[in-house]
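A.B. asks: Pasting the sequence and the predicted model now:
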Amino acid sequence: MSDSVPENLKARVKESYDAIADTYASQFTKADDPIRLGYLRRLFQHLESNANNEAGILELGCGAGIPATKFMLQNEKPLIHVIGNDLSTSQLDLARKNLAGYEDRLTLLDGDMLSLSFPDSTFDAVSGFYSIIHLPREEQTQLMRKIVKWLKPGGLFLGNFSATEMSGFAADHWLDQEKGWMYWSGWGEEASLKMVEEVGLEVLTKDLHQDEGDAKFLWVLAKKAI
């Protein structure tokens, strides 16, 4: 294991997720995941209170589309339109299969989330589940600045960050996969909350959850000023 950041970081993360897409999906994409779906229900409550019949959500790191993307698309009030982004081509291929039938309200975009570009005030909400943590932490701050611009006034951000401070951490064989090289980083609990607030978001919910294993995450639901 190493904390070094290779120059070709994004290419390596993409290559790994492409190689282990099926393994990752079998271990981490439970259709009834109580944490992700629980926070999405909170998000929907806020969106519904805005009295809009439809809402647009950008999902950063949508993966295979289960459980989060599908849960969004199944929501009826408001009716959700999703732009799902992922670095992995294989993950997006799985998403197309898993989300067949929702093509009229779903757009899938491949590529680095930090390279995305949208007009200001495009989305009612932006989410990122177990995805922003794969960026170097300086890029996480850059991304949050972009997210605030993409959100409409009163728009919502929902995502999780590493609760542990780490400048960068890499595993050579994540999930016991030969091609499972992976990278994570994080500012830690207090600094991540500060980052969210300093880019211009009001924190509505902040919780710590420890996943299976030793990883602990800070979950944040935050709102852009109206």
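C.D. replies: Ah, there it is.
A.B. asks: From now on I want contacts and neighbour counts done on CA atoms only, so please keep to that.
C.D. replies: Noted.
A.B. asks: What segments of the chain are helices?
C.D. replies: For the chain, the helices defined by DSSP state H cover 9-19, 21-28, 34-49, 68-74, 89-98, 137-150, 189-198.
A.B. asks: Just the buried residues of the first one, please?
C.D. replies: So that's helix 9-19. Neighbour-count burial for helix 9-19 flags 9-10, 12-19 (criterion: 16 or more other C-alpha atoms under 10 Å).
A.B. asks: got it, and the last one?
C.D. replies: Taking 16+ other C-alpha under 10 Å as the basis for neighbour counts, the residues of helix 189-198 that come out buried are 189, 192-193, 195-197.
A.B. asks: Output the residues you listed in a markdown table; the columns should cover distance to Ser162 and pLDDT.
C.D. replies: Listed next are the buried residues of helix 189-198 as a markdown table, based on distance: C-alpha to C-alpha, whole Å; pLDDT from 0 to 100:
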| residue | distance to Ser162 | pLDDT |
| --- | --- | --- |
| Glu189 | 7 | 97 |
| Ser192 | 8 | 98 |
| Leu193 | 11 | 98 |
| Met195 | 13 | 98 |
| Val196 | 13 | 98 |
| Glu197 | 16 | 98 |
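A.B. asks: tell me the angle the worst-scoring helix or strand of the chain on mean pLDDT makes with helix 89-98.
C.D. replies: Lowest by mean pLDDT, DSSP states H and E among the helices and strands of the chain is helix 21-28, with a mean of 88. Put simply, helix 21-28 runs at 60 degrees to helix 89-98, going by axes from the mean of the first three to the mean of the last three C-alpha atoms, to 10 degrees.
A.B. asks: Could I get the contacting residues of the residue nearest the centre of the chain?
C.D. replies: Nearest to the geometric centre of the chain sits Gly128, at 1.6 Å (C-alpha atoms, centre = their mean). Applying C-alpha atoms under 8 Å, 6 or more residues apart in numbering to Gly128 gives the contacts 59-62, 158-160.
A.B. asks: again, but for Trp184
C.D. replies: Neighbour list for Trp184: 133-136, 168-170 [criterion: C-alpha under 8 Å, 6+ apart].
A.B. asks: what stretches of the protein score poorly on pLDDT?
C.D. replies: Applying pLDDT under 70 to the chain flags the ranges 1-4, 51, 212-213.
A.B. asks: if you set the cut-off to 80 instead, what comes out?
C.D. replies: 1-6, 50-52, 211-214 (pLDDT under 80).
A.B. asks: what's the neighbour count on Ile35?
C.D. replies: Per other C-alpha atoms under 10 Å, the neighbour tally for Ile35 reads 11.
A.B. asks: And for Gly200?
C.D. replies: Gly200 sits with 16 neighbouring residues when counted by other C-alpha under 10 Å.
A.B. asks: So in that sheet, which strands flank the longest strand seen in the chain, and in what orientation?
C.D. replies: Identified as the longest strand of the chain according to DSSP state E is strand 151-162. Take DSSP bridges as the rule and strand 151-162 pairs in its sheet with strand 123-128 (parallel), strand 216-224 (antiparallel).
A.B. asks: and among the ones you listed, the most buried is which?
C.D. replies: strand 123-128 (a mean of 24; mean count of other C-alpha atoms under 10 Å).
A.B. asks: between that one and helix 137-150, how big is the angle?
C.D. replies: 160 degrees.
A.B. asks: just use 672 as the starting number from now, easier for me
C.D. replies: With the count now opening at 672, the last piece we talked about shows up as strand 794-799.
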